[in-house]
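Trainee: Got a predicted structure plus its sequence, pasted below:
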Amino acid sequence: MQRKLFGCFFLFIVTVFSAASQKDVPTDYLPKEFHKGRREAARALMPDSSVMVVFAASPRTFSNDVEYLYHQNPDLYYFTGYKEPHAVLFLFKDAQTAPDGSSYNELFFVQEKNPVMEQWTGRRLGDQGAKEKLGIAAVYTGNKFKEFPLDLSSFPKIIMDVLPVDVKKGRGDGDLYNLLQQFRTKAALADEKDPRLDYKAFRQITSKLRETKTPEEMYMLRKAVEISCMAHNEVMKTLRPDMSELEIQGLMEYVHKRYGSEEVGYGSIVGAGENGCILHYMENSRTKIGNDLLLMDVGASYHGYSADVTRTIPARGKFSPEERTIYQLVYDAQEAAFKTLKDGSTWADASKAANEVIGNGLLRLGIIKDKKDIRKYYPHGLGHHIGLDVHDKSEYGPLKKDMVITIEPGIYIMPNSDCDKKWWGIGVRIEDDALITEKGYELLSAFAPRSIEAVEKLMAENSVIDNYKLPALKTVQKKPF
Ligand code: GLY
Ligand code: MN
Ligand code: MN
């Protein structure tokens, strides 16, 4: 008995010690005051007597029993800073009374601490850790949810997102599957079309909050964008025609990680020649870029906030006359769109300005015969908001101060297009991230050159990674088929 107790005590000490002694981690995560402020701002927008419910994202299978790197539901991260799965947050418009007479206006159910599981799948905050680190007063472990005296059936409106997908039948009371089941029971939901479930209000409230950025969020975005530009610039300096698309992707992502970006904000797009005409090309399988243009739409994510930057550069360091012509058209379209940006301008203003330049340019070059055919070569929108999602939430009304958007015109001329074949295989997109200000905008990604002259000048410089040459593989030299 004594030994057992000692064992437990020892385990406890080890757990607390290991959690407290995690060394040298970043010190610039969003502070708990930020998340608290966002919950208060949400509460102010919620209708009377309502509750808002936000579930953690479901862990997703990569292969057999291996999961993808867990990615939190951005809305839950925004409101709490919690990065673990199997959790649910309740925000109440009005204060609720607990059985012991205390009052609360938010409840958070999280994973329990479990030293054995933590050795396999990583550290957990647990309820106490979440209280201390995230600054939420009423935190319980998920296995307490079933017994928790919470009657959600009396709420006229339950504001929530569509339920997480791919939720696997669980093993414990506190896992996402069971939290969802118990939520359905507590709310007495007939099904997911129950009229008390207000998905629209959830979308509106979270879009309204997330579409303008706080100073804390601007720190994250500025960092994500600068890291992305740093990667684009190093690749501009080191690119050679014998490099592969995957190698460029690797170099970019290495630079991201070198500066503390944990993930990419979206699958990196590195496409040479006609691959650059595939808008979301992510195979990156061409083994030699050769003398083609290389379109690189690669953005770092910093503490959850994503940049979105595209540069298109000539592998040989100089644009050919045709590449130069198409590139300049895209550049001019982007400049025209930039000029419209300010507090109160609209996406329509910016899109019209870019369309005018591209439409007139393609007509002038004889690539289209009618302006309405512009969509053949410029088939996407001008841009979007960025933030915790690379395509971030917004109501897409007029642009406002403190919004951060991309401006990303492009022209893509697939081989066999209905135009002179000298244009075939040219794909150009230039994508930059802009902060809307009262009088105009700030170009956050200005650090990565965009003009033809500036790109060619930087490409002529040496990179610190130029001499990073690895030997050929030794054990597998010939394929046996
Ligand atoms: N990287 C995806 C996009 O530009 O929207
Ligand atoms: Mn984009
Ligand atoms: Mn992009």
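Mentor: Done, it's in. Ligands and ions are numbered 1, 2, ... in the order given.
Trainee: So which bits of the protein are right by ligand 1?
Mentor: When proximity is defined by C-beta under 6 Å from any ligand atom, the chain lies next to ligand 1 at 266, 297, 308, 408, 431. C-beta here means a position set from N, CA and C on the backbone, and glycine is covered the same way.
Trainee: What score does the second one have for pLDDT?
Mentor: At Asp297 the predicted local confidence, pLDDT, stands at 98.
Trainee: That one: neighbour count?
Mentor: Look at Asp297: counted by other C-beta atoms under 10 Å, it has 24 neighbours.
Trainee: State the distance from it to Asp308.
Mentor: 7 Å (C-beta to C-beta, to the nearest Å).
Trainee: Now for the two: what residues contact both?
Mentor: Counting by C-beta atoms under 8 Å, 6 or more residues apart in numbering, the contacts common to Asp297 and Asp308 are Glu431.
Trainee: Strands - which of the residues of the chain next to ligand 1 land there?
Mentor: Asp297 (DSSP state E).
Trainee: Could you identify which of the residues of the chain next to ligand 1 has the most neighbours?
Mentor: Neighbour max across these (other C-beta under 10 Å) = Asp308, 29 neighbours.
Trainee: That one contacts Asp433, doesn't it?
Mentor: Yes. Asp308 is within contact range of Asp433, at 6.3 Å (criterion: C-beta atoms under 8 Å).
Trainee: got any residues that touch both of the two?
Mentor: 386, 406.
Trainee: can you pull the contacts of the closest residue to ligand 3 within the stretch 301-450 of the chain?
Mentor: Distances between the stretch 301-450 of the chain and ligand 3 by C-beta to the ion are smallest at Asp308, namely 4.2 Å. Asp308 sits next to 265-266, 297, 299, 384, 386, 390, 406, 408, 431, 433 when contact means C-beta under 8 Å, 6+ apart.
Trainee: out of those, who's near ligand 2?
Mentor: Filtering the contacts of Asp308 for proximity to ligand 2 by C-beta under 5 Å from the ion leaves Thr406.
Trainee: Excluding residues flanking it in the chain, which one is nearest the residue of the stretch 351-481 of the chain found nearest ligand 2?
Mentor: For the stretch 351-481 of the chain and ligand 2, the shortest gap (C-beta to the ion) falls at Thr406, measuring 4.3 Å. Spatially, and ignoring its direct neighbours in sequence, Thr406 is nearest to Gly383 (4.1 Å; C-beta to C-beta, 6 or more residues apart in numbering).
Trainee: Test my guess that that neighbour contacts Val404.
Mentor: No. The pair Gly383 / Val404 is not scored as a contact, 10.4 Å apart, by C-beta under 8 Å.
Trainee: Now do Met46 against ligand 2, distance only.
Mentor: 31 Å (C-beta to the ion, to the nearest Å).
Trainee: ok, which stretches of this protein are helices?
Mentor: For the chain, the helices defined by DSSP state H cover 2-20, 32-45, 74-80, 115-121, 126-134, 176-186, 199-210, 215-238, 245-258, 321-340, 347-364, 374-377, 452-459.
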